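> mind looking at a prediction? Sequence and model below.
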Amino acid sequence: MLENEYTGAKYQIVHCKGAIDSFEAAMQGIPARQRTKYINDLIIQINRLADGGRMSKSRFPREGKLPKRKGQQKDKYFRAFKKIPIRGYCWFSEVIEDTYFISHYIHKKKDDLDSRDTTKIGNNWRRIEEKGDEC
């Protein structure tokens with residue numbers, strides 16, 4: 001099963017509150033006989049990122065914009081761990097050094113980004129990046 005934190009050679013990957021629960025809910029849409037493969041594949045991706053390994057654009061795409069800080073001109077983006085139909089949305093922290101936060105997971109078959117996911121990751125980002133509440 002997924003762990004709350006992964007520490008690699010380069011980065012720390014941290015699951016936000018409720019992220020692992022959202023993963024378990026997303027996995028309900030995967031046939032039981034395939035779930036172990038999906039879990040293992042996701043753990044491999046997380047560990048690869050934690051170790052600073054190359055991530056393919058198809059498996060770790062840029063998904064959407066993060067909220068802007070006051071005075072911020074340049075857009076910042078969040079990414080997704082992608083193993084169709086599972087997605088895990090994450091961002092690289094500007095506040096906590098060398099850390100990615102995984103906001104939540106979803107089960108979806110289409111590529112379009114749902115505004116509810118953008119809102120959810122934005123809320124987690126604000127809570128951690130602006131208010132200092134570490135998962």
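Arrived safely. Numbers count the residues shown, from 1 in each chain.
> going forward, measure contacts between C-alpha atoms and count neighbours the same way
Fine.
> residue 72: what secondary structure?
At residue 72 the chain is in coil, as set by DSSP: H, G, I helix; E, B strand; the rest coil.
> and it, how many neighbours?
Neighbour count of residue 72, defined by other Cα atoms under 10 Å: 9.
> what's the spacing between it and residue 66?
To residue 66, residue 72 is 11 Å away according to Cα to Cα, to the nearest Å.
> what of residue 133?
Applying Cα to Cα to residue 133 and residue 66 gives a distance of 17 Å.
> now swap in residue 116 and tell me
13 Å.
> between these two, tell me which one has more neighbours.
Higher neighbour count among residue 116 and residue 66: residue 66, with 19 against 9, using other Cα under 10 Å.
> what's the spacing between the more buried one and residue 52?
Residue 66 is 22 Å from residue 52, by Cα to Cα.
> with residue 116 instead?
Separation of residue 116 from residue 52 (Cα to Cα) stands at 30 Å.
> swap in residue 59?
According to Cα to Cα, residue 59 stands 15 Å off from residue 52.
> what sits against the residue of the chain most remote from its centre?
Here the centre of the chain is the reference, and by Cα atoms, centre = their mean the most remote residue is residue 71, at 25.7 Å. For residue 71, the contact set (Cα atoms under 8 Å, 6 or more residues apart in numbering) is empty.
> which helices and strands does the longest strand seen in the chain pack with?
Ordering each strand of the chain by length in residues (DSSP state E) puts strand 99-107 first. Under the contact criterion of 3 or more Cα pairs under 8 Å, 6 or more residues apart in numbering; DSSP states H and E, strand 99-107 touches strand 12-15, helix 19-27, strand 86-92, helix 115-125.
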